[in-house]
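Colleague: Provided below are the primary sequence and the corresponding predicted coordinates.
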Amino acid sequence: MPRGDKHSCRICGQTNLDVFLDLGDSPLADRLLTKAQLEEKEPVYPLQVAFCRNCTLVQILETVDPEELFCKDYPYYSSVSSSLLEHSRQNVLELIARRRLDAHSFVVELASNDGYLLRNYVDAGIPCLGIDPAEGPAHAAERIGVPTRCTFFHEDLARRLCREGKKADVIHANNVLAHVADTNGFVEGIRLLLKDDGVAVIEVPYVKNLIDHCEFDTIYHQHLCYFSVTALDRLFRRHDLHLNEVRPLAIHGGSLRLYVEPGEAVAPSVQDYLAEEKACGADTFEYYCRFAQAVANIKERLRSLLAGLKSDRRRIMAYAAAAKGCTLLNYVGIDREWVDAIADKNPYKQGKYMTGMHQPIVSTEQVLESMPDYLLLLAWNFKDEIMSQQTEYVARGGRFIIPIPEPVIV
Ligand SMILES: [Zn+2]
């Protein structure tokens, strides 16, 4: 076990964590159900969010077995999102130029999914390796020519790769650091695998965006940590790594891209983030308690909005069976009486059912066929992309409900 006890801090190990938000018992987000599974009893797990006064890390208490979460039937294929593909391509092109990468370089991506990012290195003739425990996406990556090992990344795997002579010039790790149960083992693995002049480029959702925009639905069991730059800086220093640059990213509702290197060369961007977090109190428990109150207010307003529309006999469908939708639907209590189906572009999700509230997932063509009065946008982070794809729905009088940061109809 990486942690001393069930409720010790995932970074520093201290045991007195302070819970500030309780989202109740929740099923596993992203674990969509088949029709047959609807009849079975669905497992639920507590979803409580806590603050560590010692190292400032925000984290959930429960750790669900990663095998259960990320391996078989993992439904998320990165290549489905065109904005994510473009975001990744720009990231890679910049790194190739800035680090002068060529056929003698070596790039590793941790949680490489279906090869959505590494394919850009393959195209440029730069050797690379993806590591991902989810079979479906890992096989999809192999099919498009991205070498992939279907396994979890940890310290031991990093040692094995080093013994094979594989040290990395660049390690990518997008939206995975917050998911790993052994945070310290994962970061130590990065240190081992990275060449002394290499760089780890890591994208994580930023806790301050979560708080400022009330993105409580990004809290679910897959997502164990919610990082501030203060907490990240301390985490990397524990492993002789340095957070040298931080950039804000618009994707996923506001993430950070971190440039982490063995040598210390801290850019002003990092100092600015640390100072801003100090100024707004992001290193205090009280800051997170105010957020919890705002979350309770969203629940109340969304419930009254939906109840009002239903009493006017309006039909409401949801859009995008995203993991965050699971938290939102379950915490707010949006059942099939209020939202009768969820449209999703991903064919792997269609024909299945949302966990918890059990709405059927249908194709996006169904939006025009059944013309609901309102579409509740569960993937609000892809709001612009989705709304631009649904111009015909809008032309016929359809409206969108955006639930976060406060419920509005557009
Ligand atoms: Zn701690």
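Modeller: Arrived safely, thanks for sending. Numbering: from 1, shown residues only.
Colleague: return the set of buried residues in stretch 143-150.
Modeller: 146, 148, 149, 150 (16 or more other Cβ atoms under 10 Å). Yep, even glycine has a C-beta here, placed from its N, CA and C like the rest.
Colleague: distance between it and the chain's centre?
Modeller: Counting by Cα atoms, centre = their mean, to the nearest Å, stretch 143-150 is centred 22 Å from the centre of its parent chain.
Colleague: cool, and stretch 146-153?
Modeller: 19 Å.
Colleague: likewise stretch 89-107?
Modeller: Worked out by Cα atoms, centre = their mean, stretch 89-107 lies 24 Å from the chain centre.
Colleague: does any bit of stretch 46-55 sit next to the ion?
Modeller: Yes. Using Cβ under 5 Å from the ion, we find that stretch 46-55 touches the ion at 52, 54, 55.
Colleague: buried stuff in stretch 360-369?
Modeller: Here stretch 360-369 shows 360, 361, 362, 364, 366, 367 as buried, counting by 16+ other Cβ under 10 Å.
Colleague: beyond the helix or strand where residue 184 lies, next helix or strand please.
Modeller: Assigned by DSSP states H and E, residue 184 falls within helix 183-193. Next helix or strand after helix 183-193 toward the C-terminus (DSSP H and E): strand 194-205.
Colleague: contacts for that following strand?
Modeller: The contact list for strand 194-205 (Cβ atoms under 8 Å, 6 or more residues apart in numbering) reads 91, 95, 99, 167-175, 177-178, 190, 218, 223, 226-227, 232, 241, 249, 251-263.
Colleague: hmm, 6 Å instead?
Modeller: 167-174, 177-178, 190, 227, 252, 255-262 (Cβ atoms under 6 Å, 6 or more residues apart in numbering).
Colleague: helices - which of those residues land there?
Modeller: Among the contacts of strand 194-205, the members found in helices (DSSP state H) are residue 190.
Colleague: give the buried subset of the residues of stretch 46-55 next to the ion as a PyMOL selection command.
Modeller: Buried residues among the residues of stretch 46-55 next to the ion (16+ other Cβ under 10 Å), as a PyMOL selection:
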select buried, resi 52+55
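Colleague: with respect to residue 355, which of the residues of stretch 46-55 next to the ion is nearest?
Modeller: Nearest to residue 355 among the residues of stretch 46-55 next to the ion is residue 52, at 28.8 Å by Cβ to Cβ.
Colleague: surely that closest one and residue 9 touch.
Modeller: Yes. In this structure residue 52 lies within contact range of residue 9 using Cβ atoms under 6 Å: 4.2 Å.
Colleague: what about the closest residue in space to residue 105 that isn't next to it in sequence, neighbour count?
Modeller: Using Cβ to Cβ, 6 or more residues apart in numbering and skipping the chain neighbours, the partner closest in space to residue 105 is residue 169 (4.5 Å). Residue 169: 21 surrounding residues under other Cβ atoms under 10 Å.
Colleague: now residue 169: how far from the ion?
Modeller: Going from residue 169 to the ion by Cβ to the ion, to the nearest Å gives 32 Å.
Colleague: isn't that residue right up against residue 103?
Modeller: No. If you go by Cβ under 6 Å, residue 169 and residue 103 don't touch, sitting 11.9 Å apart.
Colleague: quick check, nearest of the buried residues of stretch 360-369 to the ion?
Modeller: residue 361 (38.1 Å; Cβ to the ion).
Colleague: what about that closest one, which SS state?
Modeller: strand (DSSP: H, G, I helix; E, B strand; the rest coil).
Colleague: got the contact list for it?
Modeller: 321, 342, 344, 349, 350, 352.
Colleague: now, which of those residues sits nearest the ion?
Modeller: Looking across the contacts of residue 361 and measuring by Cβ to the ion, the closest to the ion is residue 321, at 33.8 Å.
Colleague: model confidence for that closest one, exactly?
Modeller: Here, the pLDDT recorded for residue 321 equals 93.
Colleague: ok, residue 136 next?
Modeller: 89.
Colleague: the one 10 residues further on too?
Modeller: According to the prediction, residue 146 has pLDDT 97.
Colleague: residue contacts, residue 180?
Modeller: Taking Cβ under 6 Å, 6+ apart as the test, what residue 180 contacts is residue 186.
Colleague: next up, phi/psi of it, please.
Modeller: phi -80, psi 140 (degrees, to the nearest 10).
Colleague: please, which helix or strand holds the residue of the stretch 151-300 of the chain found nearest the ion?
Modeller: In the stretch 151-300 of the chain, the residue that lies nearest the ion is residue 231 (7.8 Å; Cβ to the ion). Using DSSP H and E, residue 231 sits in helix 229-237.
Colleague: circling back to that earlier point, what's the closest of the buried residues of stretch 360-369 to residue 211?
Modeller: Closest to residue 211, out of all of the buried residues of stretch 360-369 and judged by Cβ to Cβ, is residue 361, at 30.2 Å.
Colleague: immediately after the worst-scoring helix or strand of the chain on mean pLDDT, which helix or strand?
Modeller: One helix or strand of the chain scores below all others by mean pLDDT, DSSP states H and E: helix 66-70, with a mean of 71. Using DSSP H and E, the helix or strand that follows helix 66-70 in sequence is helix 82-98.
Colleague: what packs against that following helix?
Modeller: Helices and strands touching helix 82-98, as assessed by 3 or more Cβ pairs under 6 Å, 6 or more residues apart in numbering; DSSP states H and E, are absent.
Colleague: in that helix, what's buried?
Modeller: Per 16+ other Cβ under 10 Å, helix 82-98 contains these buried residues: 84, 85, 87, 88, 91, 92, 95, 96.
Colleague: who's in contact with residue 385?
Modeller: Listed by Cβ under 6 Å, 6+ apart, the contact set of residue 385 reads residue 83.
Colleague: recalculate using a threshold of 8 Å.
Modeller: Applying Cβ under 8 Å, 6+ apart, the residues near residue 385 are 81, 82, 83.
Colleague: could you report the separation of the nearest residue to the second one once chain neighbours are set aside from the ion?
Modeller: Just to be clear, that refers to residue 82. Of all residues not flanking residue 82 in the chain, residue 385 sits nearest, at 7.1 Å (Cβ to Cβ, 6+ apart). Using Cβ to the ion, residue 385 is found at 37 Å from the ion.
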